[in-house]
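[1] Predicted coordinates and the sequence they were generated for:
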Amino acid sequence: MFITFIYFIIVLLTYAVYQPHLPVEADLPSVSVFGLFVGLFFLFAAITRFLFLRLERKLLGKTFSEADSLFQKTLHHLSILAIILFGADVYWLNCPLYLRDFKFFIQFPTVEAIIFLSLFIFYLAVVWHFAYDMHKKIYSSPMTRKEYVVSNVSFSAPVLLPWLVLSMTLDIVNLLAFEPVRSFLATSYGQIGYFIFFLAIIVICGPVMIQKFWGCKPLESGLHRHRIENILDRAELEYANILYWPVFGGRMITAGVMGLVKRFRYILVTEALLNHLNHEEIDSVIAHEIGHVKKKHLLFYMLFFLGFVLSFSVVEKLYDIARMIFVGNAAKNAPYLYDYIRSFLFEPSGTVPSLFLLFITICYFIIYFRYIFGYFMRHFERQADAYVFTLFPSAMPLISTFEKIILTSGQAPDKPNWHHFSISERIDFLKKCENDRSVIGVHESMLKKNMAIYGIVMLLIAAFAIPLFMKWPDIEDKMGMKYAVYILEKEIDINDANPDMYAELGTLFFQKKEYRRSIRAYKKSLALKSDHAHALNNLAWLYATCDNHMFRNHEQALILAGKAADVKTAPHILDTLAESYFVNNKFDQAAKIGHKALKLAKEKLSSWSEYEKHVKKYERYAAKGGIPYPPAKEGWDGTQPYR
């Protein structure tokens, strides 16, 4: 059942990595997109219904174990199909673009993400809706269809709660916080600090939200609660409460524990566990859950998650380096592939590069959690099983619990999964411990050694990552511009009548401070298209703010900026016009246009601090009664070097 957590995280990554083509415009009319969206959904629903009807025919004459395997396999395949459908909605239909014209979604991007994640939940709900009849037939479940669907959703959805709290809080902070706070959070150090701070809060306080989301209720006073409390007291384990766990209607024989600190630590038990197990068996299950806390498994899970974030951040940077090197060299040495590879460098935020990065992200995620995190999870479960011997002289009640789970669930005893050893393997391990307690010590030593190896690897990655992150802006600029210039020049060789390519080339030379070549490229773009807004605006900005006074031309900057504003109304273009008025000592006009740029930025953008700085500067000079702007020889005034 934990595999659904993986589905949700993959979908969250799928949405987070998405970047539309530039310029950010929808490729298809909204009516066409809506038609394709609805059509794909009904096709998905039809396929889901067909597969479960076919499964019903296949199950004739099958054993319970075979039926369970086929049912779970069908659920798995349809869940993957739901992920693919979600990816098509985002990457092919570009559905998020149709919400980004609304100011509310610009200010609260988390709300937009919630809408699309809810769409995936809806797709899974469709799968569970059609799966219900087979589930009831195979497992003789008394749950209604609604209870079955709601139980699946409510069990899996809390995996998104940490992201939801983290993202929504960041949206609010960006909207309300002072500029120094926003600026700090925009830096790498600010983002890392914010992430670690909130991760700690969520890990500590999250169980409160999760148990309420699941609808857990306190276990009433009586024999069961009294025995559980006695075991917890005996183990000197502090906790907030003992709760009924209504997962799948409480009909699974299972228990759980969540919470790092006593105030927010909950012991979870299902009704099935209390009804089907005898007192000694219940005691052994509680001892297993106590083992998770005593062995600090919950803390290690958080550290493993941080290890994933750290290691993947390095993988992502290495991917960027490899992308720039490979694509640049491939463009030179494999011209027949040029049209396919140019987008990986020239449009790094486009759909194709995003899909490629998504592929790497999902592959690394699966490898890390399936084979590294999963390895330690399996051995943590084994360690928790062995903890029974700390509280009781024998593990036979826990062994009989596993045997009852096999009988009541029909689960194949030799069927392992990524986070647990198979029931047969767990029973065999406990029997070995019954005969020879030194087996426990051998397992403990092996686990500690592997944890130490993991820790050393993470420290080495951190030692590599810190200087890489500190030098990353320079690395990215040098490598990116080197190959981007080549790509653009190649584009121009293919089509020398394309004003867009000359404009982009001018911007790259501007970034490299090769101003003479930048001006030449912008002028070539304008010679091909006199009303090219991008070339007009950027050349005006260069003439107005260039840090080399030889290339400043304030009068020409004002003319070009005025033409750009006539062609297109955008915050950055109005800002350039305001700056052009400013450097021509027309401070009142600069302040007036600057306010228009700021107003438009607040409507269209998620951050407008630079626009506020410019307006304050214009107003400060206007208030001085026309004192001239410092001459060009004093150099750049601190505004952006390029647009």
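    Alright, I've got the coordinates. Numbering: from 1, shown residues only.

[2] Surely Ile242 is in a strand?
    Yes. Using DSSP: H, G, I helix; E, B strand; the rest coil, the assignment for Ile242 is a strand.

[3] so it bridges to which residues?
    Beta-bridge partners of Ile242, counted by DSSP bridges, are Ile267.

[4] If you tally nearby residues, what's the number for it?
    By other CB atoms under 10 Å, the residues close to Ile242 number 19. (C-beta placed from N, C-alpha, C; glycine too.)

[5] any idea how far it lies from Ile461?
    Using CB to CB, to the nearest Å, Ile242 is found at 40 Å from Ile461.

[6] can you check Asp474 too?
    To Ile461, Asp474 is 21 Å away according to CB to CB.

[7] and what of Pro180?
    Distance, Pro180 to Ile461, by CB to CB: 31 Å.

[8] neighbour count winner among those two?
    More crowded of Pro180 and Ile461, by other CB under 10 Å: Ile461, with 17 against 9.

[9] my read: that one touches Ser313, true?
    No. Applying CB atoms under 8 Å, one finds Ile461 not in contact with Ser313, separated by 9.2 Å.

[10] what stretches of the stretch 501-643 of the chain score poorly on pLDDT?
    Along the stretch 501-643 of the chain, segments meeting pLDDT under 70 span 606, 625-643.

[11] Based on its surroundings, how many neighbours for Lys529?
    Neighbours around Lys529, by other CB under 10 Å: 17.

[12] Wait, it touches Met501, no?
    No. Between Lys529 and Met501 there is no contact under CB under 8 Å: 11.4 Å.

[13] C-terminal to the longest helix anywhere in the chain, what's the next element?
    Ordering each helix of the chain by length in residues (DSSP state H) puts helix 438-494 first. Tracing the chain C-terminally past helix 438-494 and defining elements by DSSP states H and E, one meets helix 499-511 next.

[14] elements contacting that next one?
    Other helices and strands packing on helix 499-511, by 3 or more CB pairs under 8 Å, 6 or more residues apart in numbering; DSSP states H and E, are helix 438-494, helix 515-528, helix 533-545.

[15] From the contact counts, what lies against the second one?
    In this case it means helix 515-528. Contacts defined by 3+ CB pairs under 8 Å, 6+ apart place helix 515-528 against helix 499-511, helix 533-545.

[16] And the last one, by the same measure?
    Using 3+ CB pairs under 8 Å, 6+ apart as the contact test, the elements touching helix 533-545 are helix 499-511, helix 515-528, helix 554-567, helix 571-583.

[17] deepest of those helices, which one?
    Most buried of these, by mean neighbour count (mean count of other CB atoms under 10 Å): helix 571-583, with a mean of 26.

[18] how about the residue lying closest to Met258 once chain neighbours are set aside, phi and psi?
    Nearest residue to Met258 in three dimensions, chain neighbours excluded: Pro207, at 4.4 Å (CB to CB, 6 or more residues apart in numbering). Pro207 adopts backbone torsions of phi -50, psi -30, taken as degrees, to the nearest 10.

[19] Lys262 is in contact with Pro207, correct?
    No. Judged on CB under 8 Å, Pro207 makes no contact with Lys262 at a distance of 11.2 Å.

[20] In terms of neighbours, single out the busier of the two.
    Taking neighbours as other CB under 10 Å, Pro207 and Lys262 compare with Pro207 leading, 24 against 11.

[21] Now do the contacts for that one.
    Going by CB atoms under 8 Å, 6 or more residues apart in numbering, Pro207 touches 258-259, 264-266.

[22] how about those residues in JSON lines, adding distance to His292, pLDDT and neighbour count?
    Formatted as JSON lines, those follow (distance: CB to CB, whole Å; pLDDT from 0 to 100; neighbours: other CB atoms under 10 Å):
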{"residue": "Met258", "distance to His292": "9", "pLDDT": "92", "neighbour count": "21"}
{"residue": "Gly259", "distance to His292": "11", "pLDDT": "91", "neighbour count": "22"}
{"residue": "Phe264", "distance to His292": "15", "pLDDT": "92", "neighbour count": "18"}
{"residue": "Arg265", "distance to His292": "11", "pLDDT": "95", "neighbour count": "19"}
{"residue": "Tyr266", "distance to His292": "13", "pLDDT": "96", "neighbour count": "20"}
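
[23] Serialize those residues to TSV and add fields for distance to Val285 and secondary structure.
    Shown next, in TSV, are the contacts of Pro207 (distance: CB to CB, whole Å; DSSP: H, G, I helix; E, B strand; the rest coil):
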residue	distance to Val285	secondary structure
Met258	15	strand
Gly259	18	coil
Phe264	22	helix
Arg265	17	coil
Tyr266	15	strand
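
[24] Now tabulate these in a markdown table and tack on distance to Met377.
    Formatted as a markdown table, these follow (distance: CB to CB, whole Å):
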| residue | distance to Met377 |
| --- | --- |
| Met258 | 15 |
| Gly259 | 18 |
| Phe264 | 22 |
| Arg265 | 20 |
| Tyr266 | 20 |
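
[25] Which one of the residues you listed is nearest to Ser221?
    Tyr266 (17.0 Å; CB to CB).

[26] for stretch 170-180, which positions count as buried?
    Using 16 or more other CB atoms under 10 Å as the test for burial, stretch 170-180 gives 170-171, 174.

[27] now swap in stretch 124-142 and tell me
    Across stretch 124-142, burial judged by 16+ other CB under 10 Å covers 124, 126-132, 134-135, 138-139.

[28] quick check, nearest of those residues to Gly87?
    Using CB to CB, Leu124 comes nearest to Gly87 of the buried residues of stretch 124-142, at 14.3 Å.

[29] so is that closest one in a helix, a strand, or just coil?
    State at Leu124, reduced to three classes by three-state DSSP: helix.

[30] Who are the contact partners of it?
    4, 7, 79, 82, 152-153, 156.

[31] at 6 Å instead, please
    The contact partners of Leu124, taken as CB atoms under 6 Å, 6 or more residues apart in numbering, are Ala82.

[32] now do Phe264
    205, 207-208.

[33] Also Asp436?
    Contact analysis of Asp436 by CB under 6 Å, 6+ apart lists nothing.

[34] Quick check: pLDDT value at it.
    Predicted confidence (pLDDT) for Asp436: 95.

[35] Number the chain from 468, please
    With the count now opening at 468, the last piece we talked about shows up as Asp903.

[36] Against Tyr615, how distant is it?
    With CB to CB as the criterion, Asp903 and Tyr615 are 44 Å apart.

[37] same thing with Ile954?
    From Ile954 over to Tyr615 the distance is 53 Å, taken as CB to CB.

[38] Equivalent analysis for Trp559, please.
    Applying CB to CB, the value for Trp559 to Tyr615 is 31 Å.

[39] try Gly660
    From Gly660 to Tyr615 the distance is 43 Å (CB to CB).
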